[in-house]
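Asks: give the three-dimensional model of this entry:
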Amino acid sequence: MTTSTQRFTNRVANYVKYRPGYPEEVLNFLKEKAGITAGSVIADAGSGTGIFTKLLLDEGYTVYAIEPNDAMRKSSIEQLHNYKNFHAVNGTAEDTTLESHSIDLVVCAQAFHWFDQTLAKTEFKRILKPKGQVALIWNNRQIEYDEFAIAYELLLQQQGTDYSEVNHRNITDVDFSNFFKNGKYELAKYNNVQVFDEDGLIGRAFSSSYIPPKETEAGQAFLADLKALFQQYQTNKGTVDFVYQTEVYLGKV
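Replies: Sure, this is the predicted structure:
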């Protein structure tokens, strides 16, 4: 059985190209509410291919990108090695390998639901400075936004390999009141959208770990049904929308 740290090994290329970014408002929110400045040191736990890491580096922060999956970490190094403030770390949220009280802010973008929440909380407390905070961030796909979104969700439920098992492991599984100190945190929500042509939709779908690999019989059956969905629901511009609500949970631990 594939462990959570290895689920995306064969999805890296599609992950880099087709996974959503994050609205600029997220960075502004963190700057205002977490009190980070150009000299701040941030740990990006479960940094993956570096999608959110790059946004932080572009703001001038020093970032320790913690990622246990070799293929994803190597991809982030290929893309981000020219940033002098970028540090790739072979570690986990539960064992970051970072020094105690060295971090101003921990961010977990689209990753926290894969962690052992109790162990991660203990580790984050260890590496954070006294005033440091944790930001848990998700692009939460709006599965009932329109007819395409409803049909795509049904396709995942019917043909995803373990979609029903891993799909529930999202923000609804996180006990925010228990994770954050005294149950106190701030929540911000922002609109986010990806617009895909047919190739983009296919790439986005196959970046998900619960979609059968394209070269398999099940993957080919999924691909055929996905193309049929696109033909049915595409706009007159030849596109479909993936609509998200980007959610940021920020507080001390």
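Asks: all strands of the stretch 51-200 of the chain, in order?
Replies: For the stretch 51-200 of the chain, applying DSSP state E, counting those that start in this stretch gives strands covering 62-66, 86-89, 103-109, 128-141, 186-196.
Asks: neighbouring strands - and their directions - for the last one?
Replies: Strand 186-196 has these partner strands in its sheet, going by DSSP bridges: strand 240-251 (antiparallel).
Asks: could you give the angle of the strand it pairs with to strand 103-109?
Replies: On the basis of axes from the mean of the first three to the mean of the last three Cα atoms, to 10 degrees, strand 240-251 is oriented at 150 degrees to strand 103-109.
Asks: what mean pLDDT does strand 240-251 get?
Replies: Strand 240-251 carries an average pLDDT of 96.
Asks: centre of the chain to it, how far?
Replies: The chain centroid and the centroid of strand 240-251 are separated by 10 Å under Cα atoms, centre = their mean, to the nearest Å.
Asks: stretch 76-88 too?
Replies: Taking mean C-alpha positions (Cα atoms, centre = their mean), stretch 76-88 and its chain are 18 Å apart.
Asks: what's it in contact with?
Replies: 16, 47-50, 53-54, 57, 60-65, 67, 73 (Cβ atoms under 8 Å, 6 or more residues apart in numbering). All C-beta spots, glycine's among them, are computed from the backbone N, C-alpha and C.
Asks: how about the contacts made by the nearest residue to Phe115 once chain neighbours are set aside?
Replies: Leaving aside its chain neighbours, Phe115 sits nearest to Ala93 (4.4 Å; criterion: Cβ to Cβ, 6 or more residues apart in numbering). When contacts are counted by Cβ under 8 Å, 6+ apart, Ala93 touches 45-46, 66, 108, 111-112, 115-116, 119-120, 123-124.
Asks: among those, which one lies nearest to Tyr210?
Replies: Taking Cβ to Cβ as the measure, Tyr210 lies nearest Ala111 of these, at 16.0 Å.
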